[in-house]
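Enquirer: Everything below, folded, please.
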Amino acid sequence: MAKPVGFDQKILLHQLDFTLNEARRTKRKEMYEKLDEFLIDDIRGVKSRKNAATMLMKIWYLVNDDNKHLQENAFHLYPDLRNDERLVLHYGMTVLAYPFVKDLVREMGKLFKLQDEVTAQQISRIMKNLYGDRRRVEVATSAVLMSLKSWGVISSGDKRHIYITGENLSIQATEVKKWLAEAIIRSSEGSSITLEELNSNSVFFPFDYTISSSNLDDEYFRINRQGLDMIMVGVV
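Expert: Prediction:
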């Protein structure tokens, strides 16, 4: 059976901002109505607008139970954050909502550790290997890349269809680091990861951060020291 894709059109930051703000205080039925009205300036087609609303709802409203704590914490943090810090929340929730996005940015992050530029062809080939050589995979790959570019996560290189990293966004606030740490752990395959893996996660390559065990001195995190130099971090 083919792996689901789901993310098939560009999503803009102001759309995510609106969805997050309204999700804090709006009932489900009203959310769809508000999104349809809000998106009409960006998306004229009824079907495309409905699809975008479905994607935004999946990111910020209809989240999995495991990610409810992240959602609620993001609602609390959001009003006091700068725009670049808010991007961390949108990026993290998008990655958690869409495994396709997570797989794409992980592979892109790995490539950026080895080289300064990444081509759309490289990413397309990798995603087809993971999800099958289907038209839907091509559309989704393009949609994710266009979204990342519009968010400032990547930018165009000197030649067409070549991408370079945007300016890495520095994360300094402890509360944002905690949120990011939970998002990274939730997006990983297991229930806990090493502190080293937390600080070098390829999925979250756009962000410049250093998280120490002291940053996670919180009842929600589980810190386990193994041997002299290995620290495992999990969430309760």
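
Enquirer: which intervals of the protein have sub-threshold pLDDT?
Expert: Counting by pLDDT under 70, the chain contains low-confidence residues at 1.

Enquirer: in it, which spans are helices?
Expert: Counting by DSSP state H, one finds helices in the chain at the ranges 13-23, 28-39, 46-60, 68-77, 83-97, 99-114, 120-131, 135-150, 174-187, 195-199.

Enquirer: At the geometric centre of the chain, which residue sits there?
Expert: In the chain, the C-alpha closest to the average C-alpha coordinate belongs to residue 91, at a distance of 2.9 Å (CA atoms, centre = their mean).

Enquirer: Touching, that one and residue 153? I think so.
Expert: Yes - here residue 91 reaches residue 153: they are 7.3 Å apart, a contact under CB atoms under 8 Å. Bear in mind the C-beta positions are built from the backbone N, C-alpha and C, glycine included.

Enquirer: Common neighbours of those two, please.
Expert: Common contacts of residue 91 and residue 153 (CB atoms under 8 Å, 6 or more residues apart in numbering): residue 206.

Enquirer: one step back: what's the closest of the helices of the chain to residue 166?
Expert: Proximity of the helices of the chain to residue 166 was assessed by CB to CB; the nearest stretch is helix 135-150, lying at 8.4 Å.

Enquirer: Surely residue 124 touches residue 139?
Expert: No - between residue 124 and residue 139 there is no contact under CB under 8 Å: 10.8 Å.

Enquirer: Which of those two has more residues huddled nearby?
Expert: Counting neighbours by other CB atoms under 10 Å for residue 124 and for residue 139 shows that residue 124 has the greater number, 18 against 14.

Enquirer: Chain neighbours aside, what residue packs nearest to that one?
Expert: residue 141 (5.2 Å; CB to CB, 6 or more residues apart in numbering).

Enquirer: quick one: contacts for that neighbour?
Expert: Contacts were defined as CB under 8 Å, 6+ apart; by that measure residue 141 touches 104, 120, 123, 124, 127.

Enquirer: Just the buried ones from these?
Expert: Neighbour-count burial (16 or more other CB atoms under 10 Å) is assigned, among the contacts of residue 141, to 104, 123, 124, 127.

Enquirer: Please identify the buried residues of stretch 35-47?
Expert: Within stretch 35-47, the residues that qualify as buried are 35, 38, 39, 43, counting by 16+ other CB under 10 Å.

Enquirer: roughly how far apart are the closest residue to the last one other than its chain neighbours and residue 41?
Expert: Sequence neighbours aside, residue 49 is the residue nearest to residue 43 in space, at 4.3 Å (criterion: CB to CB, 6+ apart). Distance of residue 49 to residue 41, given as CB to CB, to the nearest Å: 10 Å.

Enquirer: same question, residue 98
Expert: Residue 98 sits 24 Å away from residue 41 when distances are taken as CB to CB.

Enquirer: What of residue 19?
Expert: Taking CB to CB as the measure, residue 19 falls 15 Å from residue 41.

Enquirer: what's the neighbour count on residue 4?
Expert: Taking other CB under 10 Å as the criterion, the count of residues near residue 4 is 12.

Enquirer: for residue 22, same thing?
Expert: Applying other CB under 10 Å, we find 17 other residues in the vicinity of residue 22.

Enquirer: Apart from its neighbours in sequence, what residue is nearest it?
Expert: Using CB to CB, 6+ apart and skipping the chain neighbours, the partner closest in space to residue 22 is residue 34 (5.5 Å).

Enquirer: my guess is that neighbour meets residue 21, correct?
Expert: No - look at residue 34 against residue 21 with CB under 8 Å: they stay out of range, at 10.0 Å.

Enquirer: that older thread, Serialize the buried residues of stretch 35-47 to TSV and add fields for distance to residue 187.
Expert: Conversion of the buried residues of stretch 35-47 to TSV gives the following (distance: CB to CB, whole Å):
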residue	distance to residue 187
35	25
38	28
39	27
43	28
